[in-house]
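> compute the structure for the input listed below.
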Amino acid sequence: MEDWRQIVRTGIVLGNPQARVHLVEFADLECPACRSLQVGVRAARAEYGDDLAVVFVHFPLPQHRFARPAARAAECAYAQGLFDKFQDLVYSKQDSLGLKSWISYAEEARVPELRRFERCVADTAPVARIEAGILLGKQLALRGTPTVILNGWRFWNPPSQTELVQAIAVLKDGKQLSSSKQ
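Numbers count the residues shown, from 1 in each chain. Coordinates of the predicted model:
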């Protein structure tokens, strides 16, 4: 994928934006497979530190009733510098989506300005980053979430933690990934 750096501009960069390796993840906060992938992503972030940037691109699936509202709530947390913590909390409490209010997620994530968060979540205007992620996912003909792209190399199925760490190690060392692993 030649223009993968354009994708980076669409998402939320977690970690060092100047990292050697960029892991782009098209994700849906209601997606159980996305939640499972987070274990590997967290391990990779811990192992590679500043050599790895994770780029979260919203791709809420239409069949997930709470995916788009969760994306909006995550953007509201992002506006207060707490996307990462909010994302972790939503993934860890996916079974409470629709039962627990967004404000209670925000309280638990320690979002500082709860009234501001509440107004943001209640807003009905489209959120540019969410809409851009959906459009980009459609342009790339994504089949589902999570879809992972490492420095332009696309996994066709969600990678295991081992596959992910091995691929990052190869790219970190300045080598190319083999197309046979896609």
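> which residue is nearest the centroid of this protein?
For the chain, the residue nearest the mean C-alpha position is residue 56 (2.9 Å; C-alpha atoms, centre = their mean).
> measure it to residue 174 for me?
Per C-beta to C-beta, to the nearest Å, residue 56 is found 25 Å from residue 174. C-beta: built from backbone N, CA, C; applies to glycine.
> likewise for residue 82?
Residue 82 sits 34 Å away from residue 174, taking C-beta to C-beta as the criterion.
> quick one: the helices in this structure, in order.
Along the chain, the segments classed as helices by DSSP state H run 4-10, 32-48, 67-78, 83-92, 102-108, 114-122, 128-139, 161-172.
> turn those into TSV, including distance to residue 150, mean neighbour count and mean pLDDT.
Shown next, in TSV, are those (distance: least, C-beta to C-beta, whole Å; neighbours: other C-beta atoms under 10 Å; pLDDT from 0 to 100):
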stretch	distance to residue 150	mean neighbour count	mean pLDDT
helix 4-10	9	15	84
helix 32-48	10	17	94
helix 67-78	23	23	98
helix 83-92	19	19	96
helix 102-108	30	18	97
helix 114-122	32	15	98
helix 128-139	17	16	96
helix 161-172	6	17	93
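> of those helices, which is nearest residue 16?
Residue 16 lies closest, by C-beta to C-beta, to one member of these: helix 32-48, at 9.6 Å.
> got the angle for the closest one vs helix 161-172?
If you take axes from the mean of the first three to the mean of the last three C-alpha atoms, to 10 degrees, helix 32-48 sits at 50 degrees to helix 161-172.
> and helix 32-48 with helix 83-92, angle?
Using the same axes, to 10 degrees: helix 32-48 against helix 83-92 is 140 degrees.
> which outside residues touch helix 32-48?
14-15, 19, 21, 23, 25, 27-28, 52, 54, 87-88, 91-92, 94, 144-146, 148, 158-161, 164-165, 168, 172 (C-beta atoms under 8 Å, 6 or more residues apart in numbering).
> please redo it, this time with the cut-off set to 7 Å
With C-beta atoms under 7 Å, 6 or more residues apart in numbering as the test, helix 32-48 has contacts from 15, 21, 23, 25, 27-28, 52, 54, 91, 94, 145-146, 158, 160-161, 164-165, 168, 172.
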